[in-house]
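Student: Predicted model, plus sequence, below.
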Amino acid sequence: MKQADIILGIDPGTQLMGYALLKRQGNDCTVLLMDTLKLTSEKDIYQRLEKIHTKVCELIKLYRPNSFAIEAPFFGKNVQSMLKLGRAQGVAIAAAMQAGLSVTEYSPKKVKQSITGNGNADKDQVWKMLQRILQIDEQPKYYDATDALAVALCHHYQTSRAITTSGKAVKSWDDFIKKNPGRVKS
């Protein structure tokens with residue numbers, strides 16, 4: 001039996017950072033942790049960034065994830081908010097990179113599409129699908145935690161799908177082309 005993988009999902013933010021750890025064994029997923037780091041008690045943005053880095057490092061040390069998935073910032077009209085969010089995301093990514101984890105970034109639309117089938121789903125719709133898929137009841141206080149869980153589950157879906165032909169799994173389009181040269185037309 002294949003050893004379990006652990007995915008660390010992050011919903012970055014400078015006021016609240018959602019984080020979740022998802023254990024996957026084959027196609028089965030179990031929620032190990034889903035929570036939020038509250039940063040509003042720190043007035044200084046650099047103190048907040050340090051807390052984000054410290055928390056991500058602690059999670060990596062404690063749970064030893066195999067992969068790291070993070071939600072990409074959405075493009076809004078407020079440039080200052082985008083800058084702050086980008087910093088929070090960068091600090092979390094740096095912590096993952098220092099630990100040697102592969103980092104994958106997903107747009108909010110991609111995450112919603114992956115979980116609900118609708119890229120424009122609201123946070124409550126995403127949460128309800130997470131409840132059904134992962135069989136969890138207790139809703140966290142903030143949607144940031146459920147967003148992080150959605151990112152982790154999205155990563156599971158994106159990395160566990162294989163293109164198959166004649167019952168043989170292939171890992172990429174390059175692999176498919178090598179195994180099926182007669183099916184490619186120029």
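Tutor: Alright, I've got the coordinates.
Student: residue ranges of the strands in this protein, please?
Tutor: Counting by DSSP state E, the chain has strands at residues 5-11, 16-25, 28-38, 67-71, 102-106, 163-165, 168-170.
Student: Direction included, what does the third one pair against?
Tutor: To tie it back to what came earlier, the one meant is strand 28-38. If you go by DSSP bridges, strand 28-38 pairs up with strand 16-25 (antiparallel).
Student: Measure how the strand it pairs with sits relative to strand 5-11, angle-wise.
Tutor: 160 degrees (axes from the mean of the first three to the mean of the last three CA atoms, to 10 degrees).
Student: Which residues belonging to strand 16-25 are considered buried?
Tutor: Of all the residues in strand 16-25, those buried under the rule 16 or more other CB atoms under 10 Å are 16-24. Just so you know, the C-beta spots here come from the backbone N, C-alpha and C atoms, and that holds for glycine as well.
Student: With stretch 95-114 instead?
Tutor: Buried residues in stretch 95-114, counted by 16+ other CB under 10 Å: 95-96, 99, 101, 104-106, 108, 110-114.
Student: Just flag the most distant two among those residues.
Tutor: Taking CB to CB as the measure, those span a maximum distance of 28.7 Å, between 99 and 113.
Student: can you redo the strands of the chain as a markdown table with distance to residue 145?
Tutor: Supplementary listing: the strands of the chain in a markdown table, determined by distance: least, CB to CB, whole Å:
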| stretch | distance to residue 145 |
| --- | --- |
| strand 5-11 | 8 |
| strand 16-25 | 4 |
| strand 28-38 | 5 |
| strand 67-71 | 12 |
| strand 102-106 | 16 |
| strand 163-165 | 33 |
| strand 168-170 | 33 |
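Student: closest one to residue 79 among the ones you listed?
Tutor: Smallest distance to residue 79 across the strands of the chain (CB to CB): 19.1 Å, for strand 67-71.
Student: which of the buried residues of strand 16-25 lies closest to residue 134?
Tutor: If you rank those by distance to residue 134 using CB to CB, residue 22 comes first, at 8.1 Å.
Student: Which pLDDT does the model give the nearest residue to that closest one once chain neighbours are set aside?
Tutor: Closest residue to residue 22 apart from its sequence neighbours, by CB to CB, 6 or more residues apart in numbering: residue 152 at 4.1 Å. With respect to pLDDT, residue 152 scores 98.
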